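Engineer: prediction below, plus the sequence it came from.
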Amino acid sequence: MKAAAVVGALLLAAVAGAAGPPVSTLGKTIVDRDGDNRLEYAAGETRISRSELASSSGRAPRALIAFAHLADTQMVDEESPSRVEMVDLLGGDPFSSSYRPQEGLMPQVLDAEVRAVRRLGRGPATGAPIRLVITGGDNVDNAQLNETRWFIDVMDGGRVVNPNSGRPRTCGLKRPPFYGGMRGGGRFYEPNGRGDGPGYAPSMAANRRTVARSVASRDYPGLFEQMNRPFRPLGLGKTPWYSVFGNHDGLVQGNFAQNDLFDKVVVSCRKVTRYSERALARIRPMLEGGITPEERAEIIRITFGDYLDTWGFPKEAKGRYRTVPSDPTRRFLRKQAWMKEHFTTRGRPRGHGFTQANLTLGEAYYSFAPVSGVRFVVLDTMADSSSSGNVDDAQFRWLDLELAAAEARKELVFVFGHHSLRTLSAPGTNVHDGPALEALLLRHAGVIAYVAGHEHRNRIEPHKRFWEIVSSSHLEWPQQSRILELAEEQGGALVIYSTAIDHTGPPRPSGKGPQRLASIARELALNEPQAENGEDGSDDRRGSRLDRNVALFVDHPYR
């Protein structure tokens, strides 16, 4: 009997080891413990109770629902002619998001995040099964068809995903390179060991000299070729997932409305790589002493005008572009076409929240009840031509009616949008901003949370009687998602448990395949020279302890 018990214990240990390390940050966190710009496992973070809106009764809570929130994957076709990586070289906010060395690894990162949700299976606080996954918008980076298909197919799983783009033997290229994105050249990251741009060297000392940061992006030879190889993602299986529409899902580079000229650029053979000296002469004076919102808008206008001049008159622009393979699957999708792609799916439900009515009206907002007594209301916060968001008047009035109907049914309401309340600031005709939306939500007692992304950081803030929960991005450090669980105490308050989860890539890249690539992506994100990662006392996109593993108490609106 003793021998059998020992064998059984060994088998259990083997199974536990095969399952991989914990993904909930309650058990372990992934951080740079010793300042060497490499990641390690560290002790888990205990849950903190937040009682700014209500107090706990101390009675045992009853679970109502558990779900995952996956925000800002920004699936990137890093080889696309429509990208403007050269903007990154202007330096500093708000232009530091135009190039990231890890951006081409998003298919593998999303696969690792989906695996984390499946591995967890249940809410860490209540033990309730994870009933669904909802995105945070900006599912793709540039509103392209191929990016959208990669996102949907990784979420669904079961089908081989080819994250490469560019058709062979097009544009007069007899032997085009397997990777056609930005690399090295003294400007960008080069994984093969030569030509790193400022801040992208594997040497901390070199990066301190060039960008005054102690980051270190070590080399991974062949990385850009490996990340473009086909792979078969696991997918969410039978777990339903729902989509939220963000500015990058509908706008060119998340900033500009699509038009006929942009449609031609994105499927073309010319990728613009440099500014003209004429454009730089206009931009440089505006970079001195800080940039006003008006200067930012003007720089963006100059950038796209210069880009289109270079693209449209190649004979006069030698040295400012290069020839790349074309690809019709790079074409931009208008909102209706983007939503329609969600009906070509192996996952559940068909349409992933969008209905035939959404396709007919061309509007990306909807509502559904995932369980009895709980309602999810999904907003479309994309503005016509701005990275910031707003809510048009028709949707605003629809939301008012939807919330009133939910209250009549005594439903508890989660409202989802891509933009946080403070980033709902885009101007427009007959639109509503963040303060107006906050006021509307406060008029309806059934609303207990507003859940968003866009900021690429973890943040949780009380708003008188509901919580605003903002989740970090997969594109940037820390590449985490959230598990949210709703429970009600017996005769007391409601509680929303938030738990940060890491994707399944290990902290130190090892092995091979998609999991290793996801691990490399996290390390590169930590060391991105313009990133906010807590290094040298700067802001950390992980947020504070109050923004991660918490219990958020809120009064029950119907008691």
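Structural biologist: Happy to help now that I have it. Residues are numbered from 1 along each chain as shown.

Engineer: got the residue ranges for the helices in the stretch 51-200 of the chain?
Structural biologist: 106-120, 145-156 (DSSP state H, counting those that start in this stretch).

Engineer: now those as TSV including mean neighbour count and distance to R209?
Structural biologist: The C-beta positions use only the backbone N, C-alpha and C, and glycine is treated the same way. Shown next, in TSV, are these (neighbours: other C-beta atoms under 10 Å; distance: least, C-beta to C-beta, whole Å):
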stretch	mean neighbour count	distance to R209
helix 106-120	25	31
helix 145-156	24	36
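
Engineer: any chance of those in JSON lines, plus mean pLDDT?
Structural biologist: Output for those, formatted as JSON lines (pLDDT from 0 to 100):
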{"stretch": "helix 106-120", "mean pLDDT": "97"}
{"stretch": "helix 145-156", "mean pLDDT": "98"}
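
Engineer: now tabulate these in CSV and tack on distance to T135.
Structural biologist: As requested, these are exported to CSV (distance: least, C-beta to C-beta, whole Å):
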stretch, distance to T135
helix 106-120, 10
helix 145-156, 8
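
Engineer: which of these sits closest to F256?
Structural biologist: helix 145-156 (16.3 Å; C-beta to C-beta).

Engineer: tell me the angle of that closest one relative to helix 106-120?
Structural biologist: If you take axes from the mean of the first three to the mean of the last three C-alpha atoms, to 10 degrees, helix 145-156 sits at 20 degrees to helix 106-120.

Engineer: just the CA atoms of helix 145-156, as PDB, please.
Structural biologist: C-alpha atoms of helix 145-156 as PDB (Å, rounded to 0.1, in the frame of the first residue of the first chain):
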ATOM      1  CA  LEU A 145      -8.100  41.300 -43.600                       C
ATOM      2  CA  ASN A 146      -5.100  39.100 -42.900                       C
ATOM      3  CA  GLU A 147      -4.700  40.500 -39.400                       C
ATOM      4  CA  THR A 148      -8.400  39.900 -38.700                       C
ATOM      5  CA  ARG A 149      -8.200  36.300 -39.900                       C
ATOM      6  CA  TRP A 150      -5.100  35.600 -37.800                       C
ATOM      7  CA  PHE A 151      -6.900  36.900 -34.700                       C
ATOM      8  CA  ILE A 152     -10.100  35.000 -35.300                       C
ATOM      9  CA  ASP A 153      -8.300  31.800 -36.200                       C
ATOM     10  CA  VAL A 154      -6.000  31.900 -33.200                       C
ATOM     11  CA  MET A 155      -9.000  32.500 -30.900                       C
ATOM     12  CA  ASP A 156     -10.800  29.600 -32.500                       C
END
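
Engineer: where exactly do the helices run in the stretch 351-500 of the chain?
Structural biologist: According to DSSP H, counting those that start in this stretch, the helices that the stretch 351-500 of the chain contains are 356-361, 393-408, 434-443.

Engineer: what segments of the stretch 151-300 of the chain are strands?
Structural biologist: For the stretch 151-300 of the chain, the strands defined by DSSP state E, counting those that start in this stretch occupy 241-242, 270-272.

Engineer: model confidence for G58, exactly?
Structural biologist: For G58, the model assigns a pLDDT of 87.

Engineer: that one - how many residues pack around it?
Structural biologist: 8 (other C-beta atoms under 10 Å).

Engineer: got the contact list for it?
Structural biologist: 489, 492 (C-beta atoms under 8 Å, 6 or more residues apart in numbering).

Engineer: so Q530 touches G199, yeah?
Structural biologist: Yes. Using C-beta atoms under 8 Å, Q530 makes contact with G199 at a distance of 7.4 Å.

Engineer: and the two? which has more neighbours close in?
Structural biologist: A side-by-side neighbour count of Q530 and G199, using other C-beta under 10 Å, places G199 first with 23 against 18.

Engineer: how close does that one get to R278?
Structural biologist: Using C-beta to C-beta, to the nearest Å, G199 is found at 27 Å from R278.

Engineer: for the nearest residue to E85 once chain neighbours are set aside, list the residues it contacts.
Structural biologist: Computed as C-beta to C-beta, 6 or more residues apart in numbering, the closest residue to E85 that is not its neighbour in sequence is Y99, at 4.1 Å. Residues near Y99 by C-beta under 8 Å, 6+ apart: 85, 87-88, 182, 188.

Engineer: now the residues you listed as CSV including distance to R169, neighbour count and pLDDT?
Structural biologist: As requested, the contacts of Y99 are exported to CSV (distance: C-beta to C-beta, whole Å; neighbours: other C-beta atoms under 10 Å; pLDDT from 0 to 100):
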residue, distance to R169, neighbour count, pLDDT
E85, 25, 18, 93
V87, 31, 22, 91
D88, 31, 20, 89
M182, 23, 25, 94
F188, 27, 21, 95
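
Engineer: which one of those residues is nearest E489?
Structural biologist: D88 (48.9 Å).

Engineer: is it true that that closest one touches P101?
Structural biologist: No. Here D88 does not reach P101: they are 10.5 Å apart, not a contact under C-beta under 8 Å.

Engineer: quick one on the thing from earlier: for Q530 and G199, list the residues in contact with both.
Structural biologist: Taking C-beta under 8 Å, 6+ apart as the contact rule, Q530 and G199 both touch V211.

Engineer: next one: phi and psi at the closest residue in space to P529 that isn't next to it in sequence?
Structural biologist: In space, and not counting its chain neighbours, P529 is closest to G199: 2.7 Å by C-beta to C-beta, 6+ apart. The phi/psi pair for G199 (degrees, to the nearest 10) reads phi 90, psi -10.

Engineer: kindly report the same for the one 3 residues further on.
Structural biologist: The phi/psi pair for P202 (degrees, to the nearest 10) reads phi -80, psi 0.

Engineer: any regions of this protein where pLDDT drops low?
Structural biologist: The chain contains residues with pLDDT under 70 at 1-22, 92-94, 176, 534-538.

Engineer: all helices of the stretch 201-350 of the chain, in order?
Structural biologist: So, for the stretch 201-350 of the chain - with DSSP H, counting those that start in this stretch - the helices run 204-211, 223-226, 247-250, 260-266, 277-287, 293-312, 335-341.

Engineer: wait, which of those helices is closest to L70?
Structural biologist: Of those, the one closest to L70 (C-beta to C-beta) turns out to be helix 247-250, at 13.8 Å.

Engineer: with just CA atoms, put the closest one into PDB.
Structural biologist: What follows is helix 247-250 as a C-alpha-only set of coordinates in PDB (Å, rounded to 0.1, in the frame of the first residue of the first chain):
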ATOM      1  CA  ASN A 247      -9.900  52.200 -33.200                       C
ATOM      2  CA  HIS A 248      -7.200  50.000 -34.600                       C
ATOM      3  CA  ASP A 249      -9.900  47.500 -35.800                       C
ATOM      4  CA  GLY A 250     -11.400  50.200 -38.000                       C
END
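
Engineer: can you list contacts of it?
Structural biologist: Helix 247-250 is contacted from outside by 74, 137-143, 148, 254-255, 258, 334-335, 338, 381-383, 386-389, 418-419, 454, using C-beta under 8 Å, 6+ apart.

Engineer: repeat the analysis, applying 6 Å as the threshold.
Structural biologist: With C-beta atoms under 6 Å, 6 or more residues apart in numbering as the test, helix 247-250 has contacts from 74, 138-141, 143, 254, 335, 382, 387.

Engineer: can you check stretch 110-117 too?
Structural biologist: Residues contacting stretch 110-117 (C-beta under 6 Å, 6+ apart): 23, 68, 73, 154, 233-234, 236, 481, 501, 503-505, 514, 518.
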